[in-house]
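Visitor: Okay, sequence plus prediction incoming.
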Amino acid sequence: MLIAFQAICAVFFLFNILSSWLNLPVVLSNWQVIEIIEICAALGLLVGVGVTARLLVLSIRARRVAEDNLRLASGAFMTVLNERFDDWGLTPAERDVALFTVKGATLSDIAVMRNTSEGTVKAQSTAIYRKAGVNSRAQLLSLFIDDLMGDALPGVVDAVEPLDKAG
């Protein structure tokens, strides 16, 4: 709506200038009416600039809030990871492997990053899964996702039963 209004104002000024330059016949002969229209068009463009500036400021603020929330969420995720690692009693080596696993690194990538054998990383992964009470990388990730999501989403019924850790 605002863009259309600004475009109409700009077209009016452009038509006014081109009609003088190309010696086109004047549609309105009453100069007072033309001047009132010019004043309204100029005010319209100024209002458009003001509204656009305001929207830009609001957009920048919204972007900053989103970036702040993302930073908080990233920090919260690391806090959840560290709390879980503490709860499970992971060794420093297992913590590294668990962190790389959560980040999506393969066993061979983790072995290279930790300067150890793939068999060692696999054994550490098995120990991590056992201490966490899960059987796979996907189940390990789901523990952290559940922690971050908290309660179930409103209006959504849980279709999956939690894993029985006793059996």
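Guide: That came in fine, so what should we check first?
Visitor: residue ranges with poor pLDDT in this protein?
Guide: The model of the chain has pLDDT under 70 over residues 26-28, 150-167.
Visitor: From the centre of it, give me the residue that's furthest out.
Guide: Here the chain reaches farthest from its C-alpha mean at S29, the gap being 55.8 Å by Cα atoms, centre = their mean.
Visitor: tell me the secondary structure for that residue?
Guide: coil (DSSP: H, G, I helix; E, B strand; the rest coil).
Visitor: Report the separation between it and G48.
Guide: Look at S29 and G48: by Cβ to Cβ, to the nearest Å, they are 29 Å apart. C-beta coordinates here come from the backbone N, C-alpha and C atoms, glycine included.
Visitor: do N69 as well
Guide: 31 Å.
Visitor: swap in R95?
Guide: 56 Å.
Visitor: for S20, same thing?
Guide: Going from S20 to G48 by Cβ to Cβ gives 24 Å.
Visitor: These two: which is more packed in?
Guide: The neighbour comparison of S20 against G48 (other Cβ atoms under 10 Å) goes to G48, with 17 against 10.
Visitor: tell me the contacts of the more buried one?
Guide: Counting by Cβ atoms under 8 Å, 6 or more residues apart in numbering, G48 makes contact with L2, F5, Q6, C9.
Visitor: Just the buried ones from those?
Guide: Among the contacts of G48, the ones that count as buried by 16 or more other Cβ atoms under 10 Å are Q6, C9.
Visitor: got TSV for the contacts of G48, with distance to T120 too?
Guide: TSV is the format used below for these (distance: Cβ to Cβ, whole Å):
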residue	distance to T120
L2	63
F5	68
Q6	66
C9	72
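Visitor: what about the strands in the chain?
Guide: Assigned by DSSP state E, the strands in the chain number zero.
Visitor: quick one: the residue nearest to the spatial centre of it and M149, what's the gap?
Guide: Among the residues of the chain, A66 comes closest to the average C-alpha position under Cα atoms, centre = their mean, at 6.5 Å. For A66, the distance to M149 (Cβ to Cβ) stands at 19 Å.
Visitor: again with I8
Guide: For I8 relative to M149 (Cβ to Cβ), the value is 49 Å.
Visitor: got it, and V47?
Guide: Distance check for V47 against M149: by Cβ to Cβ, it reads 45 Å.
Visitor: out of those two, which sits in the more crowded spot?
Guide: The neighbour count for V47 versus M149, taken as other Cβ under 10 Å, is higher for V47 (14 against 9).
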